[in-house]
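Asks: No sequence on hand, only this structure:
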């Protein structure tokens, strides 16, 4: 069985006509397909009755794309086997198809070829092939170690409340879900972490796992190797500065916007208000957990949450969205223009024009996709425009937060959200390259057109 699996994987990733972006897209598709089949089995549900194929597909896509949007309650609808399948999909989706494939090769003692290394490099958003396999090993060790520590901390709260075996299960499930920025929970009745809104152990453990998972493995590696913050590379500086700025700004904004709202922060103690505001600033960065009722948030807060969901986490991480570095590059580009600079500058360095172009392309494609989604969902769904916009952006950013309309989506609406989650996880630019390279594989840059001027 093991040999057949290895042969299939090697055949899958070595097809000469399939380009790296296409393999990454197909890899996620294959993972979702396997998850859908497993969740379609009768023993995957608590009732023992096979779920509809669309329910299984939606759940498998949400888990593999580490989103967290659900059409049925995860804790009560699925059985222990179903929970195991969902957790496996979350782990594979968080680490990435090629990372898990590398793990299988390493366990089997198989040699990893150059093409496979290139695929790993692309999937991790790395700039070099050098040491890419060692980097994957580091990612695996770091991930499992952090998840284990997170589970241990959560067990302090869950074991006394749920008993030893159930407490261990909940601790491990939520630790993996949080680090992978998935947002799936086993609390039940679609409550997520609302019963623990003022609990410092649960909140700060989950927030730490979300942040570590969302920073990106390259940034974590750079931080561990650098002896001081001054010696970290430009990418890490951009990611850390943008991430910190977003968390601080959002925390203060949420505290101000929700302090008078008795349905959310307003009803909490002062320590609870601070914890809830911090959590709400962290979780829209593609995590999907919530300690406050999302539907009860003020309009200003909802707009800010949607902005954070669209930005998401960082490249090479378990998070989705257009990424903090992409947002940072566009932001620094605007600042440079306002300063009258010809080049985009950040932290005493010039950002190459190709990176700026890619950043603009990612944001443009993301906005265009969301506009199409929102228009289609206004036709298929009876929800309000705010609820539809929130749902679409949450799916694209692979966040998982919802204003409560997910279980009531029509079959067509579910398919639209499934496609959006998939594109959001593999990346809009990767998806565009995958589709584009099917039609054309010619080498670009062989010629240059005469310059022309446009007024803007």
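Replies: Perfect, I can see it now. Because the structure is predicted, anything quoted here is derived from the model rather than measured.

Asks: could you pull out the strands for this structure?
Replies: Secondary structure of the chain (DSSP state E): strands at 344-346, 349-351.

Asks: Let me know the average pLDDT across the last one.
Replies: Across strand 349-351, the average pLDDT comes to 90.

Asks: what do you get for stretch 230-241?
Replies: Summarised as a single mean, pLDDT over stretch 230-241 is 89.

Asks: next one: stretch 261-276
Replies: pLDDT averaged over stretch 261-276 gives 92.

Asks: Tell me, how many residues neighbour residue 43?
Replies: Counted with other C-beta atoms under 10 Å, residues neighbouring residue 43 total 12. Every C-beta, even on glycine, is put in place using the N, C-alpha and C of the backbone.

Asks: Next one: it from residue 79, what distance?
Replies: Look at residue 43 and residue 79: by C-beta to C-beta, to the nearest Å, they are 6 Å apart.

Asks: shaky segments in the stretch 51-200 of the chain?
Replies: Judged by pLDDT under 70, the stretch 51-200 of the chain has its weakly predicted residues at 97-131.

Asks: Could you pull out the helices in it for me?
Replies: Counting by DSSP state H, counting those that start in this stretch, the segments of the stretch 51-200 of the chain that form helices are 53-64, 74-77, 80-95, 97-108, 114-123, 132-162, 164-179, 200-215.

Asks: Could you dump those helices into CSV and include distance to residue 261 and mean neighbour count?
Replies: Shown next, in CSV, are the helices of the stretch 51-200 of the chain (distance: least, C-beta to C-beta, whole Å; neighbours: other C-beta atoms under 10 Å):
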stretch, distance to residue 261, mean neighbour count
helix 53-64, 29, 24
helix 74-77, 27, 18
helix 80-95, 32, 22
helix 97-108, 41, 19
helix 114-123, 41, 19
helix 132-162, 26, 17
helix 164-179, 26, 22
helix 200-215, 19, 22
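
Asks: quick one, which of the ones you listed is nearest to residue 362?
Replies: helix 114-123 (15.1 Å; C-beta to C-beta).

Asks: So which bits of stretch 281-296 are buried?
Replies: Within stretch 281-296, the residues that count as buried by 16 or more other C-beta atoms under 10 Å are 281-292, 294.

Asks: Give me the subset of these lying in helices.
Replies: Applying DSSP state H to these, the entries found in helices are 281-282.

Asks: now, the most widely separated pair of the buried residues of stretch 281-296?
Replies: Once C-beta to C-beta is applied, the buried residues of stretch 281-296 give 286 and 292 as the farthest pair, at 17.5 Å.

Asks: coming back round to it: possible to save the helices of the stretch 51-200 of the chain as TSV with distance to residue 419?
Replies: TSV is the format used below for the helices of the stretch 51-200 of the chain (distance: least, C-beta to C-beta, whole Å):
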stretch	distance to residue 419
helix 53-64	9
helix 74-77	21
helix 80-95	16
helix 97-108	18
helix 114-123	21
helix 132-162	28
helix 164-179	23
helix 200-215	23
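
Asks: Figure out which of those is closest to residue 32.
Replies: Ranking the helices of the stretch 51-200 of the chain by proximity to residue 32 (C-beta to C-beta) places helix 53-64 first, at 4.8 Å.

Asks: Which residue is the nearest non-sequential neighbour of residue 206?
Replies: Closest residue to residue 206 apart from its sequence neighbours, by C-beta to C-beta, 6 or more residues apart in numbering: residue 178 at 4.7 Å.

Asks: End to end on stretch 373-390, go ahead and measure it.
Replies: 11 Å (C-alpha to C-alpha, to the nearest Å).

Asks: what distance separates that stretch from the centre of its chain?
Replies: 22 Å (C-alpha atoms, centre = their mean, to the nearest Å).

Asks: Now that stretch: buried residues?
Replies: Going by neighbour count (16+ other C-beta under 10 Å), the buried part of stretch 373-390 is 373-374, 376-377, 380-381, 383, 387-390.

Asks: Sort out which one of those lies nearest residue 156 for me.
Replies: Nearest member of the buried residues of stretch 373-390 to residue 156, counting by C-beta to C-beta, is residue 390, at 33.6 Å.

Asks: Please tell me I have it right and that closest one contacts residue 403.
Replies: Yes - contact status for residue 390 versus residue 403: in contact at 5.2 Å, counting by C-beta atoms under 8 Å.

Asks: Please tell me how far residue 241 sits from residue 229.
Replies: Using C-beta to C-beta, residue 241 is found at 10 Å from residue 229.

Asks: Against residue 257, how distant is the residue nearest to residue 206?
Replies: Separation of residue 178 from residue 257 (C-beta to C-beta): 25 Å.

Asks: Residue 275 too?
Replies: To residue 257, residue 275 is 16 Å away according to C-beta to C-beta.

Asks: Now do stretch 37-57: everything it contacts.
Replies: Outside of stretch 37-57, the residues within contact range by C-beta atoms under 8 Å, 6 or more residues apart in numbering are 32, 35-36, 59-60, 71-72, 76-79, 81-82, 85-86, 411, 414-415, 418.

Asks: if we go to 10 Å?
Replies: 32-33, 35-36, 58-60, 63, 70-73, 75-86, 88-89, 409, 411, 414-415, 418 (C-beta atoms under 10 Å, 6 or more residues apart in numbering).

Asks: residues in contact with the nearest residue to residue 273 once chain neighbours are set aside?
Replies: Counting by C-beta to C-beta, 6+ apart, residue 265 is the residue found nearest to residue 273 once chain neighbours are left out, at 5.0 Å. When the contact criterion is C-beta under 10 Å, 6+ apart, the partners of residue 265 are 197, 254-259, 272-277, 280, 292, 297-298, 301.

Asks: how about 6 Å then?
Replies: 258-259, 273, 276 (C-beta atoms under 6 Å, 6 or more residues apart in numbering).

Asks: sorry, back to before: most tightly surrounded among the strands of the chain?
Replies: Across the strands of the chain, averaging neighbours per residue (mean count of other C-beta atoms under 10 Å) puts strand 344-346 on top, at a mean of 18.

Asks: what distance separates that one from the middle of the whole chain?
Replies: From the chain centre to the centre of strand 344-346 is a distance of 27 Å (C-alpha atoms, centre = their mean).
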